[in-house]
Every structure is written in structure tokens, then in C-alpha cells.
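Q: Based on what follows, work out the 3D shape:
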Amino acid sequence: MGEPRLKIGHTGITWGIPGDIEQAYRDVAELGYLGFETFGRTILEWSQKPGGWRALVERFGVPTCAAYCGQTWIDPTTAARDMDEARREADALREVGGETFVLACGRRGPNAYTMDQFRRLADALHEIGNYCRSIGLVTGLHPHTGTAIETREDIDTILGLLDPRLVGFAPDTGQIAKGGSDILDVMRAYRRRITHVHLKDWGGTYERDAEGREVDMTGYVNYEPVGNGILPIPDIFDILLEGDFTGWVNVELDGTPRAPRPPREAAAMSRRYLGEILGDKIAWRR
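A: So this is what the prediction gives:
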């Protein structure tokens, strides 16, 4: 049957931002996930504690495989600071043995970025991508609702400007679907550029209140544990398994105070479902 081909981890945001990091790490490891992901700034903050972040890695026995970095990147008043902070976060991830630096963009304004803004964004991402490559990290651009890279047009435009040798693609399945795109079409179109995946299921719809704010109907910002929503999860894995994808697939679910179950239970639901559909294509920590 061959060796399992998929590395499945979990992000920490189900336990909050940053939430109870130690409990999140413990639960992820005990449930059998192979890796953990958090925010780059969280690793930096923990580096000030006795033993630093590496103590968590050693205590719970699974690597911190990735870190998430969101910056505005193109605001001239903060661009230098953004880049410096991103480099520091990348260094912190590399120091604890991480592999992938996940890059997200600033908040979306009333209008989509102009082409000049997209070009300046590409330049900034190339700079941090080149830096990450120099220290042994892989990068991936992460589309996210409410940011400059949300719609299919945004995704196509920025990926058309990026050098895949410097910046890969890190799709978030739920965010892309909520942003109005066909997730399978997006993943097929850019399959060879995918370096990292946030695997998130989605409830399929949402409403806005009188002030235009999204109404959370699931307790997870309208997302769901993997297998509980509408996304074609088996088809997503079929696309990844078609090629030579060797990156991490990290389950993600946006925890909120209104979540209908404890974080560990939600993570366990996703793990059970993935075990059922993937079989021997995946290895779990034992």
C-alpha cells in the first residue's frame, strides 16, 4: 500500500486567538495530529518565557510546522515595520524547526486594490519570500475574507504577479468558498503552486445585520468542523493527491465564545472524519 502521503496538522485558533496555547498544543498532539500551527507573533511572545516556544514542541512531541503572518505590506507609513516584524516572525519559526510561513494581507477597503497596489503587494511578498527562502522556509499566500485577497479576481491577479519560486499558494478552503469562489476550481487552477493548506469546512451561507456585520450562525464564524459543512472535502484531497504535494494540510476552525462544543471535541470530530475518508493515505501520531 505504500507510505502515507499526507501530513495533517491543526491550527490553534479553535482554542482562541491566541487562546490557551498549552491546552491547544496538548489536545492537538493527544488527538493524533502530526503538527501544530499558530501565529508568528505568538511564537515571538513565548520566546520570552522560560524555555521558550521550543519547550512546548519538546513537551508535546509534535512540530510547529507553520506560522501565520498577516501584515498590511503596502502602507508606506508601516511597510518597513511590517517587513521587519515579518522577518522576526520567520526567524522565530525557523528557530523552532518550522517549515511554512503563511502570508496574509491587510484589511479590504471599500474597493478592490488597484493594479498599482497589487504590484506593490507583489513586490513586498517577493521580498519576504526571498528572505524566507534564504533561511530555509517555504511561503504560501493565504486568501482570506475581509482582506485584499478575497475574491477569485483578487486571487488570479496577485498570483499572476507572483514568482512561484518565491511565494507559493496557501489556500484556505473555507475562506475561499465564503469569498465567493469555487474552491475546487481554484485548487485545480493553482494545484502546482500549492505549498500549504488550511482545511476548513463551511456552513454554506451567512447573513449580515443592519450594520453590515456578518451574523455568526454556527459559533465558528459560519465555519464547521471538517465533514460537517458543505465543502467537497474528498474532492479537495483528490486534487492534492493528483500531484506531488508534500506540504502540510492543517485543519482550522475559528473558535469563538459562542462555539457549541469544546475545542478538543471539534478537533476530534474533524480527525474522525478525515480518518474515515483518507484511510491509509494519512498517518496519525500514536
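
Q: CA atoms for contacts and neighbours, from now on please.
A: Noted.

Q: State which helix of this structure is the longest.
A: Longest helix in the chain by number of residues (criterion: DSSP state H): helix 115-134.

Q: what packs against that helix?
A: When contacts are defined as 3 or more CA pairs under 8 Å, 6 or more residues apart in numbering; DSSP states H and E, helix 115-134 packs onto helix 79-95, strand 138-141, helix 152-161.

Q: Please work out which of these is packed deepest.
A: Comparing those by mean neighbour count (mean count of other CA atoms under 10 Å), strand 138-141 comes out on top with a mean of 27.

Q: Contacts made by that strand with the rest, please.
A: Residues external to strand 138-141 that are found in contact with it (CA atoms under 8 Å, 6 or more residues apart in numbering): 99-104, 129, 132, 166-171, 194-196.

Q: Which ones among those residues map onto strands?
A: Restricting these to those inside strands, with DSSP state E as the criterion, leaves 100, 101, 102, 103, 104, 168, 169, 196.

Q: quick check, nearest of these to residue 91?
A: residue 101 (10.0 Å; CA to CA).

Q: For the residue nearest to the spatial centre of the chain, what are phi and psi?
A: For the chain, the residue nearest the mean C-alpha position is residue 198 (4.2 Å; CA atoms, centre = their mean). According to degrees, to the nearest 10, the main-chain angles of residue 198 amount to phi -100, psi 110.

Q: what is it paired to in the beta sheet?
A: Counting by DSSP bridges, residue 198 forms beta bridges with residue 172, residue 250.

Q: wait, it sits on residue 175?
A: No. Under the criterion of CA atoms under 8 Å, residue 198 lies out of contact with residue 175, with a separation of 9.1 Å.

Q: What is the nearest of the ones in strands among the contacts of strand 138-141 to residue 246?
A: Checking the ones in strands among the contacts of strand 138-141 against residue 246 by CA to CA gives residue 196 as the nearest, at 8.6 Å.

Q: quick one: the closest residue to the closest one other than its chain neighbours and residue 21, what's the gap?
A: Taking CA to CA, 6 or more residues apart in numbering as the measure, residue 196 lies nearest to residue 170, with 4.6 Å between them; neighbours along the chain are not counted. In this structure, residue 170 and residue 21 are 23 Å apart, going by CA to CA, to the nearest Å.

Q: neighbour-wise, which of those two wins?
A: For residue 170 versus residue 21, neighbours defined as other CA atoms under 10 Å are more numerous around residue 170 (27 against 18).
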